[in-house]
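Peer 1: I'll drop the sequence and a predicted model, then ask my questions.
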Amino acid sequence: MRYNLSSIILPLLTIIGCQSFAQRIAQNFAPPKNEQRSTSKYFEHFPRHYHILGFTFGGVSPISPGQVTQTTFQYSSYSLSTGEQETKTFNGTAKNGFANQIRTIGAVYESVFRENHDIVLGIGGFHNIGGDGGLYYHLGYRYVVNLGAIAIKPGLDFYHFRGSNHVGDIDNYQKELWINGFKVYSNFTLSHEESYTDDDGNTYTETITHTYDADRVEVKYVRKASALQPVLAASSHWRRLSFGLEAGYMVQVKQKSILTFDQINDYFKERNEAGTMQMRRNGVLSGPKVSLMVGLLL
């Protein structure tokens, strides 16, 4: 999968320009060292070093959304009980397109040091309206410009999204399957290690192996996407409450889409990945993003 070099260089040049502009603002608005900062009637000045633990609520609007697609492929099924072999067609709906609106909710941790530098870490979930849903994490950097009771923070974030949805099931009970060049047996074996200590204090490790009959093969669509986001944030606080608003533009740098085939034993709730199938890209995670933050100063 090819990506233009400009999709990476453009966000980097943007953040360098924003940081340089922010440094000039900080120098112009910086109070003399011997001048004591005044206190706002409602909002207080930020300290030189502080941490924020908060919750974020936001949304992304991809400018090139995808579409819900029909997943169709042929596979062979061999019955161990009757000896009958059939060629069948699987049909399922993969909600795999980045839709027009993606809602996000998560937790964020910010650590501000030396007054002007902010490291941001976040994790949360997203729901793609009409599409898939899943988890995301992000990390980023902000250059902090303190303007009295308000802090302006230009920066750059890295986001990674992992979404999935259930497409359908294939009967695997007492059947062997051939799907997209790989074979799926009627059972699967899982193993794990267990450690125990005898009365003399000696520790032993034993490998425990279990074989399970497969009831079905679960077909799931999985997508991983990464993006860079130049962002401009503004925040303020009242006592220990912190409030923030940020706006940015996400630029996708990577996307991978696959179908996974997991054997399932419904009684023991065990699963085993039997194989995968590569899918085409459907939609691009590039577009404006806006979010609100409410948190506590630590």
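Peer 2: Yep, that arrived. Residues are numbered from 1 along each chain as shown.
Peer 1: Wait, a helix at Glu46?
Peer 2: Actually, residue 46 is Phe rather than Glu. No: with DSSP: H, G, I helix; E, B strand; the rest coil as the criterion, Phe46 is assigned coil and is not in a helix.
Peer 1: tally of neighbours for it?
Peer 2: 22 (other Cβ atoms under 10 Å). Any C-beta I mention is one placed from the backbone N, CA and C, and that applies to glycine too.
Peer 1: hang on, isn't it packed against His237?
Peer 2: Yes: the pair Phe46 / His237 is scored as a contact, 6.9 Å apart, by Cβ atoms under 8 Å.
Peer 1: and Trp238, backbone torsions?
Peer 2: phi -130, psi 110 (degrees, to the nearest 10).
Peer 1: what's the pLDDT at it?
Peer 2: pLDDT, Trp238: 88.
Peer 1: Show me what it is bridged to.
Peer 2: Listed by DSSP bridges, the beta-bridge partners for Trp238 are Leu241.
Peer 1: So that it lines up with my notes, have the first residue be 30 from now on.
Peer 2: Right, with 30 as the first residue, what we last looked at is Trp267.
Peer 1: how many other residues sit next to it?
Peer 2: Neighbourhood size, Trp267 [other Cβ under 10 Å]: 13.
Peer 1: and if you look at Gly169?
Peer 2: Residues near Gly169, counting by other Cβ under 10 Å: 24.
Peer 1: That one should be in a helix, yeah?
Peer 2: No: per three-state DSSP, Gly169 lies outside any helix segment and is strand.
Peer 1: you'd agree it is up against Ala262?
Peer 2: No: using Cβ under 8 Å, Gly169 is not in contact with Ala262, being 9.6 Å away.
Peer 1: Which neighbours do the two have in common?
Peer 2: Shared contacts of Gly169 and Ala262, defined by Cβ atoms under 8 Å, 6 or more residues apart in numbering, comprise Gly184.
Peer 1: Where does pLDDT dip in the stretch 80-229 of the chain?
Peer 2: Residues of the stretch 80-229 of the chain that meet the criterion pLDDT under 70 lie in 125-128.
Peer 1: ok, now which ones touch Ser110?
Peer 2: Counting by Cβ under 8 Å, 6+ apart, Ser110 touches Gln203.
Peer 1: Could you say which helix or strand holds it?
Peer 2: Counting by DSSP states H and E, no helix or strand carries Ser110.
Peer 1: and what of Val280?
Peer 2: According to DSSP H and E, Val280 maps onto strand 270-294.
Peer 1: again, but for Phe155
Peer 2: In the assignment (DSSP H and E), Phe155 maps to strand 146-157.
Peer 1: Now that strand: buried residues?
Peer 2: Asp147, Val149, Gly151, Gly153, Phe155, His156, Asn157 (16 or more other Cβ atoms under 10 Å).
Peer 1: helices and strands around the strand holding Val280, which ones?
Peer 2: Judged by 3 or more Cβ pairs under 8 Å, 6 or more residues apart in numbering; DSSP states H and E, strand 270-294 is in contact with helix 35-58, strand 79-89, strand 179-200, strand 245-267, strand 299-308, strand 316-326.
Peer 1: what's the angle between it and strand 299-308?
Peer 2: Angle of strand 270-294 versus strand 299-308, following axes from the mean of the first three to the mean of the last three Cα atoms, to 10 degrees, is 100 degrees.
Peer 1: what angle separates strand 270-294 from strand 179-200?
Peer 2: Using the same axes, to 10 degrees, strand 270-294 lies at 10 degrees relative to strand 179-200.
Peer 1: As CSV, the helices and strands packed on strand 270-294 with distance to Ser108 would be great.
Peer 2: Formatted as CSV, the helices and strands packed on strand 270-294 follow (distance: least, Cβ to Cβ, whole Å):
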stretch, distance to Ser108
helix 35-58, 50
strand 79-89, 47
strand 179-200, 10
strand 245-267, 15
strand 299-308, 18
strand 316-326, 49
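Peer 1: can you pull the contacts of the closest residue to Asp161 other than its chain neighbours?
Peer 2: Excluding its sequence neighbours, the residue lying closest to Asp161 (Cβ to Cβ, 6 or more residues apart in numbering) is Gly192, at 3.8 Å. Residues in contact with Gly192 (Cβ under 8 Å, 6+ apart) are Phe155, Asn157, Gly160, Asp161, Gly162, Gly163, Val251, Arg252, Ala254.
Peer 1: Most widely separated two among these?
Peer 2: Greatest spatial distance among those (Cβ to Cβ): Phe155 and Val251, at 14.3 Å.
Peer 1: returning to that earlier point: can I get the buried residues of strand 146-157 in JSON lines with distance to Val280?
Peer 2: Formatted as JSON lines, the buried residues of strand 146-157 follow (distance: Cβ to Cβ, whole Å):
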{"residue": "Asp147", "distance to Val280": "21"}
{"residue": "Val149", "distance to Val280": "18"}
{"residue": "Gly151", "distance to Val280": "18"}
{"residue": "Gly153", "distance to Val280": "20"}
{"residue": "Phe155", "distance to Val280": "17"}
{"residue": "His156", "distance to Val280": "22"}
{"residue": "Asn157", "distance to Val280": "18"}
